[in-house]
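J.: after the sequence you'll find the predicted model.
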Amino acid sequence: ETGVTQTPRHLVMGMTNKKSLKCEQHLGHNAMYWYKQSAKKPLELMFVYNFKEQTENNSVPSRFSPECPNSSHLFLHLHTLQPEDSALYLCASSHGSGSDTQYFGPGTRLTVL
Amino acid sequence: AQSVTQPDIHITVSEGASLELRCNYSYGATPYLFWYVQSPGQGLQLLLKYFSGDTLVQGIKGFEAEFKRSQSSFNLRKPSVHWSDAAEYFCAVGAQSGGGADGLTFGKGTHLIIQP
């Protein structure tokens, strides 16, 4: 596999479920990101990890819990979500400076019932 | 805090015609600027970026963009569009924090429709 992969591609969950989104990058990058893409709204940055350390949490509710065990893997743990959390969740990676290109995965389409 | 405005939600262009997508940004210093394209069901693909030097940047698929500091703009252009260019286009700005990885701030996107 090359680039940035995300699994699953589609997820339907109830408000009481716990699920996890997975992102893996095969580009040798040091930084990884979670973005949320909702209809009619700009992409919103959620979390930034650089060398496995969280460097930014963009006021994200605690029902979203990120985990970065190493520079190649990023998870987003979900619990007690709300219907308004339904969105496309995109993962990205980069070498780790501001001018670097961020490479995006295909996203996970999440529907919360 | 930085922000990005893409004033056109939808643009319809005939195949073979020229294209210009507008992007205005707000940022206190010289920003890093990006244009990404998203096809249905796909992630974002970088078309081009500006971070210093020549203000006219060339990208993939025949796209170019010009950074105009006086107008706080970074408009995307293509001289002749193809049906395969139909997609969602996003302008984004990155901060020059100097400290490492920073998330991007995106505009709401412009949906490009190509008429045959």
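T.: Arrived safely. Residues are numbered from 1 along each chain as shown, chains lettered A, B, ... in the order given.
J.: give me the pLDDT value at the residue sitting nearest the centre point of chain B.
T.: When chain B is reduced to its mean C-alpha position, the closest residue under C-alpha atoms, centre = their mean turns out to be B:Trp35, at 3.1 Å. Each residue has a pLDDT score; the one for B:Trp35 is 98.
J.: what does B:Leu104 give?
T.: Model confidence at B:Leu104, given as pLDDT, is 91.
J.: doesn't B:Phe34 make contact with it?
T.: Yes - under the criterion of C-beta atoms under 8 Å, B:Leu104 is in contact with B:Phe34, at a separation of 6.6 Å. For glycine as for every other residue, the C-beta is placed from the backbone atoms N, C-alpha and C.
J.: what touches both of the two?
T.: Each of A:Gln102, B:Ala92, B:Val93, B:Gly94 lies in contact with both B:Leu104 and B:Phe34 under the rule C-beta atoms under 8 Å, 6 or more residues apart in numbering or on different chains.
J.: need the max-distance pair from those.
T.: The span of the shared contacts of B:Leu104 and B:Phe34, defined through C-beta to C-beta, is set by A:Gln102 and B:Val93 at 12.3 Å.
J.: between these two, which one's more packed in?
T.: Set side by side, A:Gln102 and B:Val93 give different neighbour counts by other C-beta atoms under 10 Å in any protein chain shown, the larger being at A:Gln102 (27 against 20).
J.: and B:Glu88, how far from B:Leu76?
T.: According to C-beta to C-beta, to the nearest Å, B:Glu88 and B:Leu76 sit 12 Å apart.
J.: and what about the residue most central in space within chain A, helix, strand or coil?
T.: With distances taken as C-alpha atoms, centre = their mean, chain A has A:Trp34 as the residue nearest its mean C-alpha position (3.2 Å). Assigned by DSSP: H, G, I helix; E, B strand; the rest coil, the conformation of A:Trp34 is strand.
J.: for it, what are its contacts?
T.: With the criterion set at C-beta under 8 Å, 6+ apart, A:Trp34 makes contact with A:Cys23, A:Leu45, A:Met46, A:Phe47, A:Pro66, A:Leu74, A:Leu76, A:Tyr89, A:Leu90, A:Cys91.
J.: so which bits of chain B are right by chain A?
T.: B:4, B:32, B:34, B:36, B:41-46, B:49, B:51, B:90, B:92, B:94-98, B:100-109 (C-beta under 8 Å from any C-beta of the partner chain).
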